[in-house]
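Novice: return atomic coordinates for the entry below.
(one chain, ligands or ions: 1)
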Amino acid sequence: MTLQKTPLRSRASFTGPLSTPASQGTTTRSSYTDLRPPSRTFRTASPRIMASSSGSVNQQPRSRPGSSLGTFSSRPSTPSFVRTQEPYTGSIIVSIRPNPHTSNTSQPSPWEIDNSSNTITNTNDLSSFSFDNVFAPDIRLTNKEVYYKSCSHIVNNFMNNGYNGTVFAYGMTGSGKTFSMKGDESDPGFVELAIGEIFNKIENDNLHTEYEVSMNYLEIYNEKIIDLLEASTVQDLKIRDDPVHGTRIVGISSPIIKSKDQILELIRKGDNNRKTSATDFNARSSRSHSILQIRLTTIDLIDKTEQHATLSMCDLAGSERATSNLERRKEGAFINKSLLALSTVISKLSQMSNGNGANEHIPYRDSKLTRLLQPALSGSSLISILCTIHLGSVSSNQQFTAETYNTLRFAARAKDILISVERNTTSRLSDGDSLRLIEELKRTIENQKNEINILKLNANNVPDFPMTDNSRIAQYEAEIGILNEKLEHFTRLTDLQKTETVILKNDTINDILGSGTNGSSMSMANFEEYCKRVNYEIEEYKGYIEHLEMQLKASYQVNGIGRQERSSKEMSEKHFEAVLRDQEEEILQLKEMLKDKDHIIKGLTKTTKLRRLADSNVANITDGTSGPKPIVRVAVSPTRSNKENEQYLREFNISPKKPKASIDIPESQGIKFVI
Ligand SMILES: Nc1ncnc2c1ncn2[C@@H]1O[C@H](COP(=O)(O)OP(=O)(O)OP(=O)(O)O)[C@@H](O)[C@H]1O
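Specialist: Purely as a prediction, here's the structure:
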């Protein structure tokens, strides 16, 4: 299956009428162009509504000083996704959430929030920003409320319609990114809320749909990719292009998830491995970007189709100015560099969406973060960005104001990006897949039956201590062994008795019966009774053995023993394919390098020839005895296709320093020759 990637479209390309707006309670628009802000202008001076940290509002008349900063007025709150049919077209959902702890109620803040119009305005220069959501700095505002307004829509489309979704939290250190993404026990964050929705859907869906969930959890720390589920070893995993998911991390663990509890447990484990330290603004600051990816395969058993979708949830590290601690400074440099790369990518995408720089290079490869987010940012995913800010007070740390400005500018640019996202295609299951699926379903049914049996058995016979799977298997095997022996013994016994009966019947019994003695009929009756009992016992043992065998099978299946051979073959095939793909990619890269080197060698050969030519010319020009020798300066310019060639730039200087004439070689030869 291939992921449909749609390039970002410029604003100008959306002129047709659209049908219905996104299901977010937004107003209907007649054309896409209506979604754009009227213009990037100052707001006129008007009575402001100022949000206090408690969420209450004050009316404050203000006059508008002239300020160049006012040009950062962003797109007004608009429906972020306008659904035609397909693809989803619109903008990124951008929401602003202030940390209620850093807005001082007793002192006025340099920022005013107008909840009704989702606008935040700087009271000094009146520059104003509008977004999909601007939340009040209210301590009572729960993550759930923020989640439902800003990202539940994306999770729904991921689950129900096969769209990829990306949610990330961006903002200064200590502004509330981790709080929003992870939350706490009393107020679960976006990650837990999204997982809750996903498993709720899976558990309550119809019988005709099968789901397979897997996940991976990584952090980018000092530009190294680390698997948070396998953090015992220091790693720097590699990113590769992937035809299905856009990018993939080579060697990252991707466990199959069976329940909500399992995934939450794994995330907790990953969180414990994440790098955190105290900074000037946060006692437990995340020093890395964390990315959780949940992959969902939805199998329609009736249509025999499957569809893949990925939900990525990123808690970015916070930007921070220089600190005195050397280690924090180093981390901070990496964090700021990658955030700058993200900001540059967002800015270029925003320019493109505004019709500028249509073919401009987007530097996704400037950081691991942008490289990983590349598929999402280049149009394969619905996106929601939560920007967290510190409102501060007029007299508080000036850094708050500067950083809040930076975050709002970033948010405004992100809001300007137009995206057109196709849902992932559904692919037909092959006959082999269907058979595999049927087998899996049969196994699931059998497992469930066995589980029921075990539960029934355990209800009557509760063990004193919990048994491990292995000890249970060993016990069942031993019991089966004993019972088989008993069964054999009884079978032999019955056979013997049957033979005796036949003999008796044939020779003596008739005589005995015929003689009519009481003793004979008594012994016959006893004998028959005995046979019946033995047969009954044999049936009982057979039943019990069957039951134990089923339990054994179930244990094998739970432990994957029965499937080991097949799955290890599949795994080795998959592994082999992945290694092959990696090697092919490396071969391609090496070929590219070889090509570049070929260019350079060609260029240098030509240069040498020209230099010889120049030398002989110079010899003719000068009197050949005492005059100054000319400079021969040759530069091999980088080929346009690959900037990495810059390292091969060469200059040859032959004294004296001053150039006298120049010969230009066509650029295609990659050489400029100056004499
Ligand atoms: N909306 C909020 N409501 C209540 N408490 C909050 C809120 N936002 C942040 N906090 C509190 O502020 C502190 C810092 O928040 P958090 O750790 O989430 O910041 P951060 O942006 O992730 O910082 P860093 O980038 O340094 O990791 C925490 O103690 C958190 O509980």
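Novice: from Ala414, how far off is the nearest residue to Lys368 once chain neighbours are set aside?
Specialist: Of all residues not flanking Lys368 in the chain, Ile220 sits nearest, at 4.9 Å (CB to CB, 6 or more residues apart in numbering). Where you see a C-beta, it was placed from the backbone N, CA and C, and this is true even at glycine. The gap separating Ile220 from Ala414 is 19 Å, by CB to CB, to the nearest Å.
Novice: got the phi/psi numbers for the residue nearest to Asp271 when sequence neighbours are not counted?
Specialist: Nearest residue to Asp271, sequence neighbours excluded (CB to CB, 6+ apart): Lys182, at 7.0 Å. Backbone torsions of Lys182, given as degrees, to the nearest 10, read phi -100, psi -30.
Novice: read off the pLDDT value for the residue of the stretch 251-400 of the chain found nearest the ligand.
Specialist: For the stretch 251-400 of the chain and the ligand, the shortest gap (CB to the nearest ligand atom) falls at Gly318, measuring 2.5 Å. If you check Gly318, the pLDDT there is 82.
Novice: equivalent analysis for Gly627, please.
Specialist: pLDDT, read off for Gly627, is 47.
Novice: kindly report the same for Lys602.
Specialist: For Lys602, pLDDT reads 73.
Novice: for the ligand, see how far away Asp242 is.
Specialist: 29 Å (CB to the nearest ligand atom, to the nearest Å).
Novice: is it true that that residue touches Ile252?
Specialist: No - applying CB atoms under 8 Å as the test, Asp242 and Ile252 come out as separate, 11.9 Å apart.
Novice: does any bit of stretch 201-221 sit next to the ligand?
Specialist: No - with CB under 6 Å from any ligand atom as the criterion, the ligand is not reached by stretch 201-221; the gap is at least 11.9 Å.
Novice: CA atoms of that stretch as PDB?
Specialist: Extracted as PDB, the C-alpha positions of stretch 201-221 are listed here (Å, rounded to 0.1, in the frame of the first residue of the first chain):
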ATOM      1  CA  LYS A 201     -13.700   2.400  19.400                       C
ATOM      2  CA  ILE A 202     -11.800  -0.900  18.900                       C
ATOM      3  CA  GLU A 203     -13.600  -2.600  21.800                       C
ATOM      4  CA  ASN A 204     -17.100  -1.400  20.800                       C
ATOM      5  CA  ASP A 205     -16.800  -1.800  17.000                       C
ATOM      6  CA  ASN A 206     -18.800  -4.200  14.900                       C
ATOM      7  CA  LEU A 207     -17.600  -7.800  14.300                       C
ATOM      8  CA  HIS A 208     -16.800  -7.100  10.700                       C
ATOM      9  CA  THR A 209     -13.700  -5.000  11.500                       C
ATOM     10  CA  GLU A 210     -10.400  -6.200  12.800                       C
ATOM     11  CA  TYR A 211      -7.800  -3.800  14.200                       C
ATOM     12  CA  GLU A 212      -4.100  -4.200  14.700                       C
ATOM     13  CA  VAL A 213      -2.400  -1.500  16.800                       C
ATOM     14  CA  SER A 214       1.400  -1.100  17.100                       C
ATOM     15  CA  MET A 215       3.400   1.700  18.600                       C
ATOM     16  CA  ASN A 216       6.900   3.100  18.800                       C
ATOM     17  CA  TYR A 217       8.100   5.800  21.200                       C
ATOM     18  CA  LEU A 218      11.300   7.700  20.700                       C
ATOM     19  CA  GLU A 219      13.100  10.800  21.800                       C
ATOM     20  CA  ILE A 220      15.500  13.100  19.900                       C
ATOM     21  CA  TYR A 221      18.200  14.000  22.300                       C
END
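Novice: buried residues, that stretch. List them.
Specialist: Buried residues in stretch 201-221, counting neighbours by 16 or more other CB atoms under 10 Å, are found at 201-202, 210-221.
Novice: which residues touch the closest residue to Ile139 other than its chain neighbours?
Specialist: In space, Ile139 comes closest to Pro100 once its chain neighbours are excluded; the distance is 4.3 Å by CB to CB, 6+ apart. For Pro100, the contacting residues are 53, 137-139, 141, by CB atoms under 8 Å, 6 or more residues apart in numbering.
Novice: can you list these in JSON lines and add neighbour count and secondary structure?
Specialist: Listed next are the contacts of Pro100 as JSON lines, based on neighbours: other CB atoms under 10 Å; DSSP: H, G, I helix; E, B strand; the rest coil:
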{"residue": "Ser53", "neighbour count": "20", "secondary structure": "coil"}
{"residue": "Pro137", "neighbour count": "26", "secondary structure": "coil"}
{"residue": "Asp138", "neighbour count": "19", "secondary structure": "coil"}
{"residue": "Ile139", "neighbour count": "12", "secondary structure": "coil"}
{"residue": "Leu141", "neighbour count": "16", "secondary structure": "coil"}
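Novice: ok, of those, which one's closest to Pro108?
Specialist: Comparing the contacts of Pro100 against Pro108 with CB to CB picks out Ser53 as the nearest, at 11.3 Å.
Novice: state the phi and psi torsions of whichever residue of the stretch 1-150 of the chain sits closest to the ligand.
Specialist: Of all residues in the stretch 1-150 of the chain, Asn99 sits closest to the ligand, at 4.1 Å by CB to the nearest ligand atom. Per-residue torsions, Asn99: phi -80, psi 120 (degrees, to the nearest 10).
Novice: thought it was touching Cys387?
Specialist: No - the pair Asn99 / Cys387 is not scored as a contact, 11.5 Å apart, by CB under 8 Å.
Novice: against the ligand, how distant is the residue nearest to Asp271?
Specialist: 8 Å.
Novice: contacting residues around that residue?
Specialist: By CB under 8 Å, 6+ apart, the contact list for Lys182 reads 189, 191-192, 271, 315.
Novice: ok, of these, which come out buried?
Specialist: The neighbour-count test (16+ other CB under 10 Å) marks 189, 191-192, 271, 315 as buried among the contacts of Lys182.
Novice: can you list the strands that the helix or strand hosting Thr310 pairs with?
Specialist: Thr310 is part of strand 305-315 when elements are defined by DSSP states H and E. With DSSP bridges as the test, strand 305-315 is paired with strand 164-171 (parallel), strand 289-300 (antiparallel), strand 426-428 (antiparallel).
Novice: anything in the second one near the ligand?
Specialist: When you say that, I think you mean strand 289-300. No - Strand 289-300 does not reach the ligand (CB under 6 Å from any ligand atom); its nearest approach is 9.7 Å.
Novice: can you tell me the average pLDDT over that strand?
Specialist: 92.
Novice: neighbour count: Asp242 and Ile252, which is higher?
Specialist: The residue with more neighbours, out of Asp242 and Ile252, is Ile252; 20 against 15, by other CB atoms under 10 Å.
Novice: shouldn't the more buried one be within a helix?
Specialist: No - looking at Ile252 with DSSP: H, G, I helix; E, B strand; the rest coil, it is coil, so not inside a helix.
Novice: could you dump the strands paired with strand 305-315 into a markdown table and include mean neighbour count?
Specialist: Shown next, in a markdown table, are those (neighbours: other CB atoms under 10 Å):
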| stretch | mean neighbour count |
| --- | --- |
| strand 164-171 | 27 |
| strand 289-300 | 22 |
| strand 426-428 | 14 |
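Novice: mind putting those into JSON lines with distance to Ile113?
Specialist: As requested, the strands paired with strand 305-315 are exported to JSON lines (distance: least, CB to CB, whole Å):
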{"stretch": "strand 164-171", "distance to Ile113": "15"}
{"stretch": "strand 289-300", "distance to Ile113": "27"}
{"stretch": "strand 426-428", "distance to Ile113": "43"}
